[in-house]
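**Student:** let me see the structure of the following:
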Amino acid sequence: MADILIPAAELAQRSLVRFPNESAEYRAARTALLAEEVELRRHLERVAAQRRALPPGGEVMGDYRFQGERGPVSFADLFGDKQTLATYSYMFGPQRDRPCPMCTNMLGALEGNAADIQQRMALAVIARSPIERLIAWKQERGWTNLQLYSDLNGNYSRDYHGVLPDGSEIPGFNVFTRRDGTIRHFWSGEMTGDSADPGQDPRGAPDLAPVWNVLDTTPEGRGTDWYPRLNYEA
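**Tutor:** So this is what the prediction gives:
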């Protein structure tokens with residue numbers, strides 16, 4: 001039997017948090033917002049539970065070949081000794097002089113958490129540039145925990161939506177499972193431009209990039225004219 005939850009508005013009213021010199025108007029509005037934040041937390045939990053309950057996805061059967069930092073690997077090798085694998089399709093194909101700044105921003109955050117994430121699951125960053133180029137870029141960024149792989153024949157990138165039919169690249173985050181020797185696709189972010197709301201860039205929920213979550217807590221918000229860059233002037 002599911003736990004009976006206390007109404008979010010009641011939980012918000014119980015909060016004893018107060019800050020110096022705040023007005024009654026501010027506190028009333030903040031309490032109303034707190035109730036919405038509790039509801040958001042609960043909705044995220046419901047969505048995560050629904051995601052975990054997905055039926056088995058399609059079996060992975062393609063001819064996927066990769067070059068890692070220590071040599072060629074198969075798709076199964078990406079799992080290592082783990083039963084779950086997450087892959088990120090990095091927009092850094094051979095046609096690009098430099099990788100996508102937005103992808104790089106998110107991977108920079110994942111780099112800081114990769115050692116922890118990889119205690120529970122495998123994590124692989126897949127791009128279509130040669131491995132030598134990926135290693136050089138990894139060294140330039142100072143990344144040490146992310147595992148980068150070159151998609152040698154491009155099949156994985158095409159099948160799992162890292163490359164569109166017209167050859168253009170898009171970012172992709174996919175999760176795979178290995179159970180009883182069978183590898184299956186589990187989940188992928190599927191929100192695209194077609195599912196974006198008016199006035200918003202396409203993005204998934206929850207947003208995997210911390211930069212946007214932090215900006216969402218500010219009065220300026222995300223804005224409409226700023227995006228991460230690979231480098232900033234001192």
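
**Student:** the bottom helix or strand of this protein by mean pLDDT?
**Tutor:** helix 210-215 (a mean of 92; mean pLDDT, DSSP states H and E).

**Student:** next, the buried residues of that helix.
**Tutor:** Applying a neighbour-count criterion of 16 or more other C-beta atoms under 10 Å, one finds Val211, Trp212 buried in helix 210-215. (Glycine included, C-beta is placed from N, CA and C.)

**Student:** tell me the gap between the helix or strand where Leu123 lies and the middle of its chain.
**Tutor:** Using DSSP states H and E, Leu123 maps to strand 122-127. The chain centroid and the centroid of strand 122-127 are separated by 12 Å under C-alpha atoms, centre = their mean, to the nearest Å.

**Student:** can you list the strands that it pairs with?
**Tutor:** strand 84-89 (parallel), strand 148-151 (parallel) (DSSP bridges).

**Student:** tell me the most buried of these?
**Tutor:** strand 148-151 (a mean of 23; mean count of other C-beta atoms under 10 Å).

**Student:** mind listing residues that contact that one?
**Tutor:** Residues from elsewhere that reach strand 148-151, judged by C-beta atoms under 8 Å, 6 or more residues apart in numbering: 64-69, 73, 78, 90, 124-131, 134-135, 138, 157, 162.

**Student:** list buried residues within the residues you listed.
**Tutor:** For the contacts of strand 148-151, buried by 16+ other C-beta under 10 Å: 64-68, 73, 78, 90, 124-129, 131, 134, 138, 157, 162.

**Student:** residues touching the most centrally placed residue in the chain, list them.
**Tutor:** With distances taken as C-alpha atoms, centre = their mean, the chain has Leu208 as the residue nearest its mean C-alpha position (3.8 Å). Contact partners of Leu208, counting by C-beta under 8 Å, 6+ apart, are Met106, Phe173, Gly189.

**Student:** just how off-centre is the longest helix anywhere in the chain within its chain?
**Tutor:** Assignment by DSSP state H gives helix 24-52 as the longest helix of the chain. Distance of helix 24-52 from the chain centroid (C-alpha atoms, centre = their mean) equals 21 Å.

**Student:** which secondary structure elements does the helix or strand just after it contact?
**Tutor:** Using DSSP H and E, the helix or strand that follows helix 24-52 towards the C-terminus is strand 65-68. Judged by 3 or more C-beta pairs under 8 Å, 6 or more residues apart in numbering; DSSP states H and E, the packing partners of strand 65-68 are strand 71-74, strand 148-151.

**Student:** where's the first one relative to the chain centroid, distance-wise?
**Tutor:** Put plainly, it is strand 71-74. Per C-alpha atoms, centre = their mean, the centroid offset for strand 71-74 relative to its chain is 24 Å.

**Student:** only alpha carbons, please: show that strand as CSV.
**Tutor:** Coordinates of each C-alpha in strand 71-74 appear next as CSV, following Å, rounded to 0.1, in the frame of the first residue of the first chain:
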residue,chain,number,x,y,z
GLY,A,71,42.4,-0.2,-27.8
PRO,A,72,39.4,-1.6,-29.7
VAL,A,73,36.3,-2.6,-27.7
SER,A,74,32.9,-4.2,-28.4
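
**Student:** returning to that earlier point: tell me what the longest helix of the chain is packed against?
**Tutor:** The contact analysis (3+ C-beta pairs under 8 Å, 6+ apart) places helix 24-52 against helix 8-14.
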